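K.L.:
mind folding the following:
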Amino acid sequence: MGDTSLKTIQSRAFTDRMFRRFFLPTLFSAIGWALGDVADALFVGIRLGRVGLATMSLVAPVYMVYNVLDVGIAVGTSVKYTQALGKGKAKKGAEIFSQMLIVALVVSALIAVIGLLAMPYILRFLGAGSERGELWHYTKEYLQIMFLGAPITFLYFLLYYCVRCDDAEKLASAGYTIGYLTDVVASAVFIMGFKLDVKGAIYATVLGKAVGVCIFLFHFTRKWAILRFHPVKPDFKLIFSTLKTGMSSSVGYIGQFVALIVVNNLLLHKGGAGALAELNVVQNVSYLSLAIYTALGDTVQPLSGTFFAEQNKNAINRVMFLGTGFGAIFGVIISSLFALFAPQICSIFGLTGSEITSGAFAVRLFCLSVIPAGFNIIWSACFQAIKREKIVFLINQLRTFVCFLAFALILSKFELKWFWFTFLGAELLTLLIWATIVYFKKQPVSNKVFTYLLDVNSSDLSEILSKSEQFCEENNVSMKQSYTIIMCIEEVCQAIIENAFNRRGDEYIMLTLCIENKGSVVLHFRDNAATFNPFAMKMGQDYDDDENLASLGIQMVKNKSKQFFYRKYSGFNTLTVEVE
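P.N.:
So this is what the prediction gives:
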């Protein structure tokens, strides 16, 4: 095996472990989210039958509008926060969070007020029928509580996305999962025990999110946490930039809102409340079957954002290889199981008689769309993290609005059973369109990036120093800047090797040099040693002491660099130094 191939395999010690560290907590979070959403429909369906399921279908479009804002703000904030920390700008990251926390609370309060005041118009727009009908009554009860709980919902998503990007994946997963499991248990108690019907479902949802928020807040008591709220003056340029990043994916919910309104009315006209009930079963199957892809998307997004800030293209490619590989394997297993047990699933949700047969057919056709839908979700998350917002916007508009609505309108002209091909057609066509565009419109690759993996137990510093110096010469870095860079690499690596590693097993330091457009050079160090911050080493005058001697070199690095930043991220020591 060649040296290049060996280093490629060794470098995966970082990307693969970081992927696993993010994936397992986000998987539990996604499963909790899916179970929470399914529980509402499940217990409402058991309690009220197809009328209850039809009500859940009618309120679904309102969630789409919600998600444009709450998920858009949360995702945009987490992406910008991750990119800021990836560049070593901790204060900038805290400012982004503080600005967007205020935005989230203000927007959620406005939604609550507007939603309650405009309730009759919203109900008519949703197609809730007569004001004296059951659908109108149940839908109104649900939406009233939903709007009142808007601030809790917005805070819940913002804290989840940001806390998990602050090296607290387990706490974020615990809050997210426990919040949704609280929703599941409370739904059973409120709906089946207290007979609150649809009110019980939304009471449980708000309660679950409130529990999650309380758990997330524990993160702010940790001394090492970088995520903090500070009173700030509104920075509208920063706010709009963050919203642009987040909305590139969440704005797809607007199209999904319109599409669901149209589809709900099409199905009501074609098959009545029974057809709407079948749609709700399909939607709940989608929550469960696509939960794995939500987890994979939430995994690749912060990792891709971090590696994008470091301009480490190979690491991004590795993360996406793992994401799509796991997605393909799990997709086959999950879709096969749902297709096999489709009749039983329909029966559990309260469908009866011929509704079970037609509902099972709908579920099985939906299962064909699981894998292409998953690929769309995973790649959309990656594109968002690497600042390709236009592709993200395209993917989400195509799969949830343009392609979905086009197939729905065309297939609604035929028998009802053919309508369920809508999901497969929309996902496949979306995948084909964006993949073609990306293939023919590739992003330019910068040659002003140098990456090197130092195997501590089999290499010395001479090679990494000579290759770094050669890179500086090839890119016309000034002599003074080059000298500082080489000194920084030598002193930091030496300090890590002598004070953090035990010289047993696989021990690596990953170095990435990035020449910024403004002329500064950013050095990224990542190592798999025990927790060790070179910049926190004690200073002393006894130069026979190795730590004091090493700290003298680190002090020189501090004096020569523009800024430096350390954090423990995803299980590894991560150090960023900027040299002008």
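K.L.:
can you give me the strands in the stretch 451-580 of the chain?
P.N.:
508-515, 521-527, 563-569, 572-579 (DSSP state E, counting those that start in this stretch).
K.L.:
which one of these lies closest to residue 399?
P.N.:
strand 563-569 (32.0 Å; CB to CB). In short, each C-beta sits where N, CA and C put it, glycine included.
K.L.:
which secondary structure elements does the closest one sit against?
P.N.:
Packing contacts for strand 563-569, counted by 3 or more CB pairs under 8 Å, 6 or more residues apart in numbering; DSSP states H and E, involve helix 50-86, strand 572-579.
K.L.:
least reliable of the ones you listed going by mean pLDDT?
P.N.:
When the helices and strands packed on strand 563-569 are compared on mean pLDDT, helix 50-86 scores lowest, with a mean of 84.
K.L.:
now the very next helix or strand once past it and strand 572-579, what's the angle there?
P.N.:
For helix 50-86, the following helix or strand on the C-terminal side (DSSP states H and E) is helix 90-117. Put simply, helix 90-117 runs at 110 degrees to strand 572-579, going by axes from the mean of the first three to the mean of the last three CA atoms, to 10 degrees.
K.L.:
for residue 122, helix, strand, or coil?
P.N.:
Residue 122 falls in the helix class when you classify it by DSSP: H, G, I helix; E, B strand; the rest coil.
K.L.:
buried residues, whatever helix or strand residue 259 lives in. List them.
P.N.:
Using DSSP H and E, residue 259 maps to helix 252-289. By 16 or more other CB atoms under 10 Å, the buried positions in helix 252-289 come out as 252-264, 266-268, 271, 273-289.
K.L.:
again, but for stretch 464-471
P.N.:
Result for stretch 464-471 [16+ other CB under 10 Å]: buried residues 464, 465, 468, 469, 471.
K.L.:
distance check, residue 307 against residue 478.
P.N.:
Applying CB to CB, to the nearest Å, the value for residue 307 to residue 478 is 28 Å.
K.L.:
compare the two (neighbour count), which wins?
P.N.:
The neighbour comparison of residue 307 against residue 478 (other CB atoms under 10 Å) goes to residue 307, with 26 against 12.
K.L.:
stretch 380-398 - what's its average pLDDT?
P.N.:
On average, stretch 380-398 scores 88.
K.L.:
now do it: distance to the chain's middle.
P.N.:
Its chain's C-alpha centre and that of stretch 380-398 lie 12 Å apart, by CA atoms, centre = their mean, to the nearest Å.
K.L.:
tell me which residues of that stretch come out buried.
P.N.:
Buried residues in stretch 380-398 (16+ other CB under 10 Å): 380-386, 388-389, 391-398.
K.L.:
do stretch 367-377 as well
P.N.:
For stretch 367-377, burial by neighbour count (16+ other CB under 10 Å) applies to 367, 368, 369, 370, 371, 372, 373, 374, 375, 376, 377.
K.L.:
same check on stretch 188-200?
P.N.:
Those would be 188, 190, 191, 196, 197, 198, 199, 200, for stretch 188-200 by 16+ other CB under 10 Å.
K.L.:
try stretch 404-420
P.N.:
By neighbour count on 16+ other CB under 10 Å, the buried set for stretch 404-420 is 404, 405, 406, 407, 408, 411, 412, 416, 419, 420.
K.L.:
quick one: contacts of that stretch?
P.N.:
With contacts defined as CB atoms under 8 Å, 6 or more residues apart in numbering, stretch 404-420 is touched by 255-256, 258-259, 262-263, 266-267, 270-271, 275, 282, 358, 361-362, 365-366, 421-423, 425-426, 429.
K.L.:
pLDDT at the residue nearest to residue 48 when sequence neighbours are not counted, what is it?
P.N.:
What sits nearest to residue 48 in space, not counting adjacent residues and going by CB to CB, 6 or more residues apart in numbering, is residue 197, at 6.1 Å. In this model, residue 197 is scored at 85, pLDDT.
K.L.:
what distance do you get for residue 197 to residue 43?
P.N.:
Between residue 197 and residue 43 the computed distance is 9 Å (CB to CB).
K.L.:
phi first, then psi, for residue 312.
P.N.:
With angles defined as degrees, to the nearest 10, residue 312 sits at phi -100, psi 90.
K.L.:
which stretches of the stretch 401-550 of the chain form helices?
P.N.:
403-411, 422-440, 461-474, 479-499, 546-560 (DSSP state H, counting those that start in this stretch).
K.L.:
of all the ones you listed, which one is nearest residue 77?
P.N.:
When the helices of the stretch 401-550 of the chain are compared (using CB to CB), the closest one is helix 422-440, at 24.9 Å.
K.L.:
contact partners of the closest one?
P.N.:
With CB under 8 Å, 6+ apart, helix 422-440 has contacts from 263, 282, 286, 365-366, 368-369, 372-373, 375-376, 379, 391, 394-395, 398-400, 403-404, 406-408, 411.
K.L.:
any idea of the mean pLDDT for that helix?
P.N.:
Mean predicted lDDT for helix 422-440 stands at 94.
K.L.:
what residues does stretch 303-316 touch?
P.N.:
Stretch 303-316 is contacted by residues 8, 11, 14-15, 18-19, 22, 79, 82-83, 85-87, 319-320, 381-382, 385-387, 445-446, 449, 451, 512, 514, 524, 569-570 when judged by CB under 8 Å, 6+ apart.
K.L.:
do stretch 156-165 as well
P.N.:
Stretch 156-165 is contacted from outside by 22, 25-26, 29, 70-71, 73-75, 77-78, 81-82, 85, 97, 100-101, 104, 171-173, 175-176, 179, 209-210, 212-213, 216-217, 219, 227, 298, 302, using CB under 8 Å, 6+ apart.
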